[in-house]
Every structure is written in structure tokens, then in C-alpha cells.
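1. Could you work out the structure for the sequence below:
(2 chains)
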Amino acid sequence: GAGVSQSPRYKVAKRGQDVALRCDPISGHVSLFWYQQALGQGPEFLTYFQNEAQLDKSGLPSDRFFAERPEGSVSTLKIQRTQQEDSAVYLCASSATVHRGNEKLFFGSGTQLSVL
Amino acid sequence: AQSVTQLDSQVPVFEEAPVELRCNYSSSVSVYLFWYVQYPNQGLQLLLKYLSGSTLVKGINGFEAEFNKSQTSFHLRKPSVHISDTAEYFCAVSDPMKTSYDKVIFGPGTSLSVIP
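-> Purely as a prediction, here's the structure:
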């Protein structure tokens, strides 16, 4: 596609509900990142995929957070039993090759999650 | 671990005036440095990056940044701002010494408001 696409754009969940956030990276991009951006803060790293392999999940805040990219393209970030502190914008970014720190990241517009 | 400090959370500036957005990073070893911009309701876009070589880096939209190793700084400058430059600006860093992959670490951001 032309860019990184994320859906839904907005998600409101009741506390305790499960949510699934989708990311469609640029076609053919090897690397995919998920970031969490709280209000007024910078993006915080959650997890990294190289094709279908999840190489780093050190940023996931709890075992309620789970991410997958089964075919090396579309990725889903799932949050189980949502809590109010999960309210944030969830950003997806991709880059063309294995990410060695110097490549340009292409970001989606994010999913704004509000947990009531 | 790498970290990024952006001391100014908000910077108001009049149209056509110069602006400097400050960024300091934690490590004294080799780094890759980036500035990303986030316009309202849009994803982050790369403004410029420093990988090696000349310490003065020029980016899109008339922005430039200077890498200063001794001061561990990477300040962003523009000689004359436009209304359209109103946005959130994020400084970011990654580690070129990692042998496999490395994630990009973002600062908290500076909100630039250009006043007509």
C-alpha cells in the first residue's frame, strides 16, 4: 500500500474488555514496530517483528499485551482485560529492511484507545 | 540504555522568526540521531537523521540539526518558521553498535506553536 494503515482509528472499551488493533505495513517491509504513546509523551517501544518473527517484546507492559504477525505482513496488537492505564495512542511503524537502527521508520496514524 | 531529553515541552514562536528545539541524549558512544515531526491527526514523519560524517544535517521543510558529540546534543533549527510548522517534534536515538537489530528510542516531544 501507499503507507502504513492502522484500524480502527478510535476505539472505546469498557474496563475488562479485550481489544484488537490492526496494522497494515507498507507492502514488502521486513520490520514492524509497535509503540505506545501516552498523552503528552513520546512513543514508547512495545515490540518488534522481523517478518513473522517477534524478536523483541521487552516493551510490552504486562502479559495482557500480545502481538502477532503470522504471515509477515499484517500485525495485530491484542490487549486483554483492558485497564484505564492502557488508554493511549498505539502506533505502528515499518521499515524496508532488517532494522539496524539507521533506517527511516514509516508510521501509521495510530489507534487512539480510550478505556472507560 | 539510551534515553533522550527534550527540555522544552512547548515552544511558541512568531511566524518568520527563527526557532531552535533542544535535544540531548544520554550516551557518549556512537549514536544514530533523528528528528521526527507529527502534524495533528497524522503519523510521525522523518525530518532528518544523523548517521555519520558532517555534523550539520539538512532535512525537509528547511529544517537542519547539528550533532555535537561533546555536549551530547542534536538541536533542531529553522531560520524562519511558517504557520504550517505548527506540530509536535520528537528527537530520537538508536545504537549503531548493536549487532542484530536496534529499536529507536524517542524523547517526550516539543510542541511548536507558530503564532501569526
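
2. Look up which residues are beta-bridged to the nearest residue to residue B:11 once chain neighbours are set aside.
-> Once flanking residues are discounted, residue B:11 sits nearest to residue B:112: 5.2 Å by CB to CB, 6 or more residues apart in numbering or on different chains. (Each C-beta comes from the backbone N, C-alpha and C, glycine too.) In this entry, residue B:112 is beta-bridged to residue B:11, residue B:87, by DSSP bridges.

3. Give the full set of residues in contact with residue B:112.
-> Contact analysis of residue B:112 by CB atoms under 8 Å, 6 or more residues apart in numbering or on different chains lists B:11, B:13, B:19, B:21, B:81, B:85, B:86, B:87, B:88, B:89.

4. and what of residue B:89?
-> Taking CB under 8 Å, 6+ apart as the contact definition, residue B:89 lies against B:21, B:35, B:36, B:37, B:38, B:47, B:76, B:109, B:110, B:111, B:112.

5. The first one and residue B:73, how far apart?
-> What it means is residue B:21. To residue B:73, residue B:21 is 11 Å away according to CB to CB, to the nearest Å.

6. Relative to chain A, which of the contacts of residue B:112 is nearest.
-> Nearest to chain A, judged by CB to the nearest CB, of the contacts of residue B:112 is residue B:88 at 8.9 Å.

7. list the contacts for the closest one?
-> Neighbours of residue B:88 in contact, by CB under 8 Å, 6+ apart: B:37, B:38, B:109, B:110, B:111, B:112.

8. one more time with 6 Å, if that's ok
-> Each residue near residue B:88 by CB atoms under 6 Å, 6 or more residues apart in numbering or on different chains is listed here: B:38, B:109, B:111.

9. for residue A:104, same thing?
-> residue B:46.

10. For it, what is the enclosing helix or strand?
-> When elements are defined using DSSP states H and E, residue A:104 is found to belong to no helix and no strand.
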